[in-house]
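>>> Quick one: sequence and predicted model below, then my questions.
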There are 2 protein chains.
Amino acid sequence: MNASEFRRRGKEMVDYVADYLEGIEGRPVYPDVEPGYLRPLIPTAAPQEPEAFEDIINDIEKIIMPGAASPACTELETVMMDWLGKMLQLPEAFLAGKAGEGGGVIQGSASEATLVALLAARTKVIRQLQARTPELTQAAIMEKLVAYSSDQAHSSVERAGLIGGVKLKAIPSDGKFAMRASALQEALEQDKAAGLIPFFVVATLGTTSCCSFDNLLEVGPICKKEDMWLHIDAAYAGSAFICPEFRHLLNGVEFADSFNFNPHKWLLVNFDCSAMWVKKRTDLTGAFKLDPVYLKHSHQDSGLITDYRHWQIPLGRRFRSLKMWFVFRMYGVKGLQAYIRKHIHLAHKFESLVRQDSRFEICAEVTLGLVCFRLKGSNQLNEALLQRINSAKKIHLVPCHLRDKIVLRFAVCARTVESAHVQFAWEHIKELAGDVLRVEKE
Amino acid sequence: MNASEFRRRGKEMVDYVADYLEGIEGRPVYPDVEPGYLRPLIPTAAPQEPEAFEDIINDIEKIIMPGAASPACTELETVMMDWLGKMLQLPEAFLAGKAGEGGGVIQGSASEATLVALLAARTKVIRQLQARTPELTQAAIMEKLVAYSSDQAHSSVERAGLIGGVKLKAIPSDGKFAMRASALQEALEQDKAAGLIPFFVVATLGTTSCCSFDNLLEVGPICKKEDMWLHIDAAYAGSAFICPEFRHLLNGVEFADSFNFNPHKWLLVNFDCSAMWVKKRTDLTGAFKLDPVYLKHSHQDSGLITDYRHWQIPLGRRFRSLKMWFVFRMYGVKGLQAYIRKHIHLAHKFESLVRQDSRFEICAEVTLGLVCFRLKGSNQLNEALLQRINSAKKIHLVPCHLRDKIVLRFAVCARTVESAHVQFAWEHIKELAGDVLRVEKE
């Protein structure tokens, strides 16, 4: 939607809200629908082609308003998470469907998704061990629990361990910054020999520093064999998996217990919207639900009634699935795929510009929209270049450390980015690099 | 703001966004301001009288845009939390000011605030004990930690204990559903004798069931004496403390380490916006911050630079303080006070209508906007009445249990509620009560 259509549609929306406020006394105070009313009213998958805005807005009055905030808020979320899961070709087990054991939920951030997964895994292993050995206390078990992630994982993984009160160990990544079977297996053997209890692994697809990918097809089977919960954090990269040509990066997801990525990062849905799926929703609710006995009802785990408050840290919820519904329909799957492809194309364009300049080097494989590069030479030189770039304020780069090297990160991520912007950025970087190299020689 | 002004202002806002999008290439990519730039640009306290919408919207371009998302998002939040703290007459120690040790942060929900406080208290006590006895493991300490709240506390308190991996004990409340010194002291003595380590107390001001108030002036000194973290959960009631005549309900807050209420519940700020203050920000950041050594800088705890990501569970943040800024200025403190007073006045009106009908009884003291009432007689009778009311769908009531009684809760909470709505609701309830009582006699 361009700015001029936004003017028109935005004002229509303001009128809709004002009309609602003016007419509120004529509306029912409580919805008159049955649980599960919404799913049959909308398609089972996202449209391939964009839909007309009128059709979407008309559905608000027809489909959402009769279900008001509840149950519409919950039911649309369940169906949108199914739509999105299908776009990614997630295994059926992660979908709620009509009677599945899995399903999706919108969290606020990938940090929360990781924490929620860790807490669910913690509860599960404690219950399992106590069922076998009733005299074991929770504290005695927690003291021995150990979780794993790659040394490239986001700091929020370490934080989840801190909050959950369990050890977290960093597995050394390989030359391509990926977690591999051998390193994980080695840590496991050591820890088990020391009497610890491995219970949780976070695999990252698209690390923050350089967009590297842990080797799921190696890590997954180990998690199965050792009965550890596997959580996949694909916060940034996940959006790309809606393109068939990038879906292979998600191979191995079938080994996971939970999977998360952030549509608010790269799928045109405004912050916040972090999509999380689990294979067994009872694992999640088991960790958070209080008094499960008196709350039990026949439809509890059927997908018909979902109490999302048991799936997350906060109690209250916003109606975030509306953002997904609008975006998926306004763009269509094809429109979203085109958007992802354009960014990746522009990242490769930048990569090839860098490669043509022998003063520079590419520091990690360019798979999606991130290009890690640097001036050949010292870290000091690259710090000087970064400082010039960010002081000039024509573009903005956030650096990272890859092993002992300081690396500049060029991230293609704006909604309206064009080839000319990338060209402009590269000319600008080249010019400042020239200045830095001249100063060094003097 | 009525619907017709909303039409006008909403459309101006749509144009502002569209203009921004169309002119984005002319804006700097990175703000050109120094940390602490914002505080001197705006008043030190909320206005008493409403301000003109033009003045507020003009300040967006003048004050927010030059600071863009960062640091404006952080700095406005710190100042708005100071504004709000001053409205409540919170002790100076809770404010950030220019160089305070305390300060406020917006959380998503009271559940998160309670969890964050519990985790901070947990970290603090573990560090204290390990400093004294280095051979104590974290698990050995956690096994003995015990937290307390009233038996009327919200279920999210129990949930925080579950997530934090510590015991939580419910203190029996008194005849007015309040936690008192004697019952808390008794539990403490028992637990200490059993070798447990009391470390955390949640006092509730305005419980969910009946809006009762724990006795802070009794509980506070015990927490000080026993060196326990005192967290106050005033999720609903907190908004009323901006009125001088209700401020006494907050007396004793000076004993607390952290305090929380939800402006999104009753202060006209849209969901979500949960306001939390701490006396020592380092207690909070100590629980979440990783690698505190390499992140240290001279202004770290000065109030000049605040890293809110260390104050909360998620990493990402939305610009929620804008909502507070707009609401506080559009209403002025006097307008907000008038809004609170109107609701409380209408609740007392409903209370007096109930008291005039001898078939009914009032079940808890009416202090704010909630009236707990029931038909004199059996629970069955009241369940029948509730069912009729909620099936008729003219009004909607959520019940609660007070001890062994089922109680109906009349909550005055809509923005546009008027005396006529209360009158209508009561006539409707009376009529349905008549039906229920007739059926019972037959």
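Happy to help now that I have it.
>>> For A:Gln185, the count of nearby residues, please.
16 (other CB atoms under 10 Å in any protein chain shown). The C-beta positions use only the backbone N, C-alpha and C, and glycine is treated the same way.
>>> in what helix or strand does it lie?
helix A:181-193 (DSSP states H and E).
>>> For that helix, buried residues please.
A:Ala183, A:Leu184, A:Gln185, A:Ala187, A:Leu188, A:Asp191 (16 or more other CB atoms under 10 Å in any protein chain shown).
>>> And stretch A:347-354, how far out from the chain middle?
Centroid displacement of stretch A:347-354 relative to its chain, using CA atoms, centre = their mean, to the nearest Å, is 26 Å.
>>> May I have stretch A:103-112 exported as CSV, CA atoms only?
Output of stretch A:103-112 as CSV, limited to C-alpha atoms (Å, rounded to 0.1, in the frame of the first residue of the first chain):
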residue,chain,number,x,y,z
GLY,A,103,-0.7,-25.3,17.4
GLY,A,104,0.6,-21.7,17.2
VAL,A,105,0.6,-18.7,19.5
ILE,A,106,1.7,-15.1,19.1
GLN,A,107,4.4,-14.1,21.6
GLY,A,108,5.8,-10.6,22.0
SER,A,109,9.4,-11.5,21.1
ALA,A,110,11.7,-14.4,20.4
SER,A,111,13.1,-13.9,23.9
GLU,A,112,9.7,-14.8,25.4
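>>> pLDDT averaged over that stretch - what is it?
The average pLDDT within stretch A:103-112 is 96.
>>> Alongside chain B, which residues does the stretch 151-300 of chain A contribute?
A:155-156, A:158-159, A:162-165, A:271-272, A:287-288, A:290 (CB under 8 Å from any CB of the partner chain).
>>> mind giving me JSON lines with those residues and columns for pLDDT?
Listed next are these as JSON lines, based on pLDDT from 0 to 100:
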{"residue": "A:Ser155", "pLDDT": "91"}
{"residue": "A:Ser156", "pLDDT": "92"}
{"residue": "A:Glu158", "pLDDT": "93"}
{"residue": "A:Arg159", "pLDDT": "92"}
{"residue": "A:Leu162", "pLDDT": "92"}
{"residue": "A:Ile163", "pLDDT": "92"}
{"residue": "A:Gly164", "pLDDT": "94"}
{"residue": "A:Gly165", "pLDDT": "92"}
{"residue": "A:Phe271", "pLDDT": "95"}
{"residue": "A:Asp272", "pLDDT": "95"}
{"residue": "A:Ala287", "pLDDT": "79"}
{"residue": "A:Phe288", "pLDDT": "74"}
{"residue": "A:Leu290", "pLDDT": "62"}
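>>> Quick check on those residues: which are buried?
Counted by 16+ other CB under 10 Å, those give A:Ser156, A:Glu158, A:Arg159, A:Leu162, A:Ile163, A:Gly164, A:Gly165, A:Phe271, A:Asp272, A:Ala287, A:Phe288 as buried.
>>> Skipping adjacent residues, who's closest to the closest residue to chain B within the stretch 151-300 of chain A in space?
In the stretch 151-300 of chain A, no residue comes nearer to chain B than A:Gly165, which is 4.9 Å away by CB to the nearest CB. Among residues not flanking A:Gly165 along the chain, B:Gly165 sits closest, at 4.9 Å (CB to CB, 6 or more residues apart in numbering or on different chains).
>>> what residues are up against that neighbour?
A:Gln138, A:Ala139, A:Met142, A:Gly164, A:Gly165, B:Met142 (CB atoms under 8 Å, 6 or more residues apart in numbering or on different chains).
>>> so which helix or strand takes in the second one?
Right, A:Ala139. Using DSSP H and E, A:Ala139 sits within helix A:138-142.
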